[in-house]
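Visitor: the following block contains a protein sequence and its predicted model.
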Amino acid sequence: MADNEAGIPGTEIATFAAGCFWGVESSFRRLPGVLDVVVGYIGGTTDNPTYEQVCSGRTGHAETVQITFDPSEISYTQLVDAFWKVHDPTTLNRQGPDFGTQYRSAIFTHSEVQSMEAKASMEAAQPQFKNPIVTQIEPASTFWPAEEYHQRYFEKKGIEGGCHVQL
C-alpha cells in the first residue's frame, strides 16, 4: 500500500493488540522508522467506544495501537517481529495482571501482503515460546482512537519504560 488510511504519502500502517495499549505504544514509538503511534480500539461491535465500554468486555474491542511507519526505514515484517517481543502471545485474553478479551493478542492486517507476512512471522516465532501462540490474525476493521488522555500516556506521566518489554 502506498499511502496509509490517514493519507500520508509513502507511509503504511500496522495495527496490533498486545495487552494494555500504553506499554505497547511506548515500545513501538522508540523504533526508527515509526512516525506515529495512536492508541485505540478495534475488533468490536460498538461505534466510537469509550474506554469504560471497552473495559467492560461487552464491546468486543481490543486495546490496540495503530502505527504509521516509513517502509523505507522499517518493514512491516520487522514491526511484526517486534510485536512478538513486547508481550506474551501465548496467553489467551491476558497480559500480566490484565485479563479479558480487550487484552487479547491480535494482528489486524490492512492487506493480503500484511496477512501473509504476519502468518509467516508467527510461524517463525513459535519456536521461541514453550506454549502455542494464540494470537489472532484478522483483517482490520474500523479503528477508533482512544480518548486524548490515553495518547502518549507514559510520556505525559513521566513514566520511563512501562509495563511491556521495551524494544
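Guide: That came through fine. Numbering: from 1, shown residues only.
Visitor: show me what contacts Thr142?
Guide: Thr142 makes contact with Ile42, Asp47, according to C-beta atoms under 8 Å, 6 or more residues apart in numbering. Any C-beta I mention is one placed from the backbone N, CA and C, and that applies to glycine too.
Visitor: against Arg104, how distant is the closest residue to Glu73 other than its chain neighbours?
Guide: In space, and not counting its chain neighbours, Glu73 is closest to Gly33: 3.0 Å by C-beta to C-beta, 6 or more residues apart in numbering. Per C-beta to C-beta, to the nearest Å, Gly33 is found 26 Å from Arg104.
Visitor: out of those two, which sits in the busier spot?
Guide: Neighbour comparison, Gly33 and Arg104: the larger count goes to Arg104, with 24 against 15 (by other C-beta atoms under 10 Å).
Visitor: would you check that the more buried one makes contact with Ala17?
Guide: Yes - Arg104 lies in contact with Ala17 (C-beta atoms under 8 Å); the separation is 5.9 Å.
Visitor: identify the contacts common to these two.
Guide: Common neighbours of Arg104 and Ala17 (C-beta under 8 Å, 6+ apart) are Ala62.
Visitor: pLDDT of stretch 69-89, averaged?
Guide: Averaging pLDDT along stretch 69-89 yields 96.
Visitor: again with stretch 50-61
Guide: Averaging pLDDT along stretch 50-61 gives 93.
Visitor: can I get that stretch in CSV? Just the C-alpha atoms.
Guide: Listed next in CSV are the C-alpha coordinates belonging to stretch 50-61 (Å, rounded to 0.1, in the frame of the first residue of the first chain):
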residue,chain,number,x,y,z
THR,A,50,-15.2,4.7,25.3
TYR,A,51,-12.5,3.2,27.5
GLU,A,52,-15.1,2.3,30.1
GLN,A,53,-17.2,0.5,27.5
VAL,A,54,-14.2,-1.5,26.2
CYS,A,55,-13.1,-2.3,29.7
SER,A,56,-16.5,-3.8,30.4
GLY,A,57,-15.6,-6.6,27.9
ARG,A,58,-19.0,-6.2,26.3
THR,A,59,-18.0,-4.3,23.1
GLY,A,60,-15.6,-7.0,21.7
HIS,A,61,-12.9,-4.4,21.1
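Visitor: could you check how far the residue lying farthest from the centre of the chain is from Val39?
Guide: For the chain, the residue at maximal distance from the C-alpha centroid (C-alpha atoms, centre = their mean) is Lys130, at 22.4 Å. According to C-beta to C-beta, Lys130 and Val39 sit 30 Å apart.
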